[in-house]
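Undergrad: Structure of the sequence below:
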Amino acid sequence: MGKTLPYSVKDVHYDNDKFRHRSFLKTFIQSLLTSHVKRECTKCSTGKFLVLLLIGGLTYLTLTHTTTSISVADADKSNNIGSKELSSFRRFWRKLPRLPPRLSPDEMSTMSVANGAVEKLNAESIWMARQQKVKDAFLHAWSGYRNHAMGYDELMPLSCRGIDGLGGLGATVVDALDTAMIMGVEEVIVDAGVWIQKHLPKRISEKGQVNLFETTIRILGGLLSAYHLSGGQGGSSLHKGPKPVVYLENARELADRLLVAFTSSPSDIPFSDVVLCERSAHPAPDGMSSTAEVSTLQLEFNYLSYLTGDPKFSLESMKVLKHLKTLSKVEGLVPIYISPQSGEFNGENIRLGSRGDSYYEYLIKVWLQLRGRNSTYLHDMYEEAMKGVRHHLVRKSVPNGLVFVGELPYGSQGSFSPKMDHLVCFLPGVLALGATKGITKEKAMKESILTFEDLENLKLAEDLARTCVEMYSVTSTGLAPEIVYFNTEGTSESGPDGGNKSSKYVHDIVIKHADRHNLLRPETVESLFILYRITEDSKYREWGWQIFEAFEKHTKVDSGGYSSLDDVTMLPPQRRDKMETFFLGETLKYLYLLFGDKKVLPLDEFVFNTEAHPFPIIGNLVKQ
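TA: Model prediction:
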């Protein structure tokens, strides 16, 4: 045993007492008795008196303290005083309330994630409800067509009858079919599918003149997309209605007859019109084909060749782009007319609106479709053209700086026109698609695949998308006109504004009387859909919802269908008696996809033709 430690029992009691809980009063008295103040103050009687006075004063204040609330009834005063003093005394000596237990960092992180998941779930439920509204609008549009115009190309919703304006091939039936498949509307799939099976083969063989471009993008494109979405080769979803082969057989028969536009032309540029029943083709009355039309056939013919194993469709259509590659351009920009006789451009008018638009769209989309299959020249042409757009056509409005794309009606040496078609609003989506190749911006940044030019194009895409949305917001109806003009530095356009005086941009945008109509066009919502998929910024969804609500408010016809408008700057707007096929085939489809699951028809696996018909990317199918 070692020596006894030098502690007494008193020391042990003291050490134990250090760790016992002591009341506030004991602690205060102990501190007072052992403090320097006590030693100094109690040396004299005055100090003792002051200490006693201090203690007495504190005791008095404690016992006599009352709350600020006073009873109104005098009779209750005497009864309340004693209870108030007692409760005040008790409150003074009560124990401090315990703080709630603190969560650990892991628990706090888990709770934060859970709250975020709930918020996300709530947000998605809102968009699911809005997506259902678009589906309801599609059903309303289809009901008007089915009840009053089934088998005709288009519905005249005000007079409740049909009209053939696209060659009589039942364009609305075919254009709307894959939209119904994407939405899962089985009754429409059956109606449209049965009509195609019973009536379309005869129409293809017996109808007369059709436009090569419109027939390819709407009818051929619609049939090929329906083939895939109904479970054809590579398809993943089956629907009611005819077997997929029905759509493919009709597509091949139609393409065989359209092919004569290529084979009968003296150059690699096809004629613009085909007579189906005669298997003959001829140029337009002025002898010209539009550049956009001849260069917007390749996605459809390439996919048909892949499905059938017959290369002739792809070979004939790709000759056009290979020929256009050899022609001189203005930094990638091309005139809007081309001669099938000579194969040369005609005139100098350069624009990305009508007759020029989808040339630039298909450069990047065909490259995406054929990626890795000797199509690098298309990507080079696209990049050069976008540099030309930024250099020659992009300007800012005054006074508020909206970015827009104008025109060069007399070529690069002529004057600039601050005119922009609504059709140009396809460009933001194409720029974004070309920058990331269909994957999200975040993923593209992580994988370091974005060049400086890609980032420039993405920035331009977002700026132009805002301008396109403001073309809607600046009007009284909230719907865009067909064409607008912008005021620019040193140039002031004459004409009326959009009618919405509360818009910030009411003085930037001029809408001339001849351009005030709205045809239910899809280009802006198309770009919003692509930009939302790529940037994941929810503002594009919100903008799309605003546009959809304006369509619902001003274009919906009670008897079924939706109508075009004569003047978007007036309330109420006068209606036009026509529902374009692309309202069902494009506008409502893009809105539905914008509000829905981003995993449906991903942009790195599908390419949409200029009529919004999705085809699987051939390069991916070949790899499989």
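Undergrad: Quick one: find the helix or strand in this structure with the lowest mean pLDDT.
TA: When the helices and strands of the chain are compared on mean pLDDT, DSSP states H and E, helix 9-18 comes out lowest with a mean of 44.
Undergrad: helices or strands next to the helix or strand that residue 529 is a member of in the packing?
TA: Residue 529 is located in helix 523-535, with elements delineated by DSSP states H and E. Contacting helix 523-535 under the criterion 3 or more CB pairs under 8 Å, 6 or more residues apart in numbering; DSSP states H and E are the following elements: helix 427-436, helix 452-473, helix 539-555, helix 588-594. Quick note: C-beta positions are derived from backbone N, CA and C, even for glycine.
Undergrad: Out of those, which is closest to residue 189?
TA: If you check each of the helices and strands packed on helix 523-535 against residue 189 by CB to CB, helix 588-594 wins as the nearest, at 14.1 Å.
Undergrad: got the CA positions of that closest one in PDB?
TA: Output for helix 588-594, consisting of C-alpha atoms alone and laid out as PDB, is shown next (Å, rounded to 0.1, in the frame of the first residue of the first chain):
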ATOM      1  CA  LEU A 588     -50.100  21.000 -78.100                       C
ATOM      2  CA  LYS A 589     -47.500  18.200 -78.300                       C
ATOM      3  CA  TYR A 590     -44.600  20.500 -77.300                       C
ATOM      4  CA  LEU A 591     -46.700  22.000 -74.500                       C
ATOM      5  CA  TYR A 592     -47.500  18.600 -73.200                       C
ATOM      6  CA  LEU A 593     -43.900  17.500 -73.300                       C
ATOM      7  CA  LEU A 594     -42.800  20.800 -71.700                       C
END
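Undergrad: Quick check: mean pLDDT of the helix or strand just after that helix?
TA: On the C-terminal side of helix 588-594, the closest following helix or strand by DSSP H and E is strand 606-608. Mean pLDDT, strand 606-608: 98.
Undergrad: and the next helix or strand after strand 606-608, what other elements does it pack with?
TA: Toward the C-terminus, strand 606-608 is succeeded by strand 614-616 as the next helix or strand (DSSP H and E). Applying 3+ CB pairs under 8 Å, 6+ apart, one finds that strand 614-616 makes contact with helix 221-229, helix 298-308, strand 606-608.
Undergrad: how does it look with 7 Å?
TA: Helices and strands touching strand 614-616, as assessed by 3 or more CB pairs under 7 Å, 6 or more residues apart in numbering; DSSP states H and E, comprise helix 221-229, strand 606-608.
Undergrad: Tell me which of these sits nearest to residue 167.
TA: Taking CB to CB as the measure, the helices and strands packed on strand 614-616 were each checked against residue 167, and helix 221-229 came out nearest at 13.6 Å.
Undergrad: Could you tell me the angle between the closest one and helix 298-308?
TA: Between the axis of helix 221-229 and that of helix 298-308 there is an angle of 40 degrees, by axes from the mean of the first three to the mean of the last three CA atoms, to 10 degrees.
Undergrad: hmm, who's touching helix 221-229?
TA: If you take CB atoms under 7 Å, 6 or more residues apart in numbering as the criterion, helix 221-229 is touched by 174-175, 177-178, 181, 234-235, 237, 244, 247-248, 250-251, 300, 303-304, 585, 609, 611, 613-616.
Undergrad: just stretch 274-285 next, same as before
TA: The contact list for stretch 274-285 (CB under 7 Å, 6+ apart) reads 204-210, 212, 257-258, 260-261, 264, 271-273, 289, 340.
Undergrad: if we go to 10 Å?
TA: 167-169, 203-212, 215-216, 253-254, 256-265, 269-273, 289-290, 293, 337, 339-341 (CB atoms under 10 Å, 6 or more residues apart in numbering).
Undergrad: and the residues you listed, which are buried?
TA: Neighbour-count burial within the contacts of stretch 274-285 applies to 167-169, 203-204, 207, 210-212, 215-216, 253-254, 257-262, 265, 269-273, 289-290, 293, 337, 339-341; the criterion is 16 or more other CB atoms under 10 Å.
Undergrad: Let me see the contact set for residue 548.
TA: By CB under 10 Å, 6+ apart, residue 548 lies in contact with 130, 133-134, 137, 525, 587-588, 591-592, 594-595.
Undergrad: Residue 510 and residue 486 touch, don't they?
TA: Yes. Assessed by CB atoms under 10 Å, residue 510 is found in contact with residue 486 at 7.4 Å.
Undergrad: Touching both of the two, which residues are there?
TA: Shared contacts of residue 510 and residue 486, counting by CB under 10 Å, 6+ apart, come down to 397, 418-419, 493.
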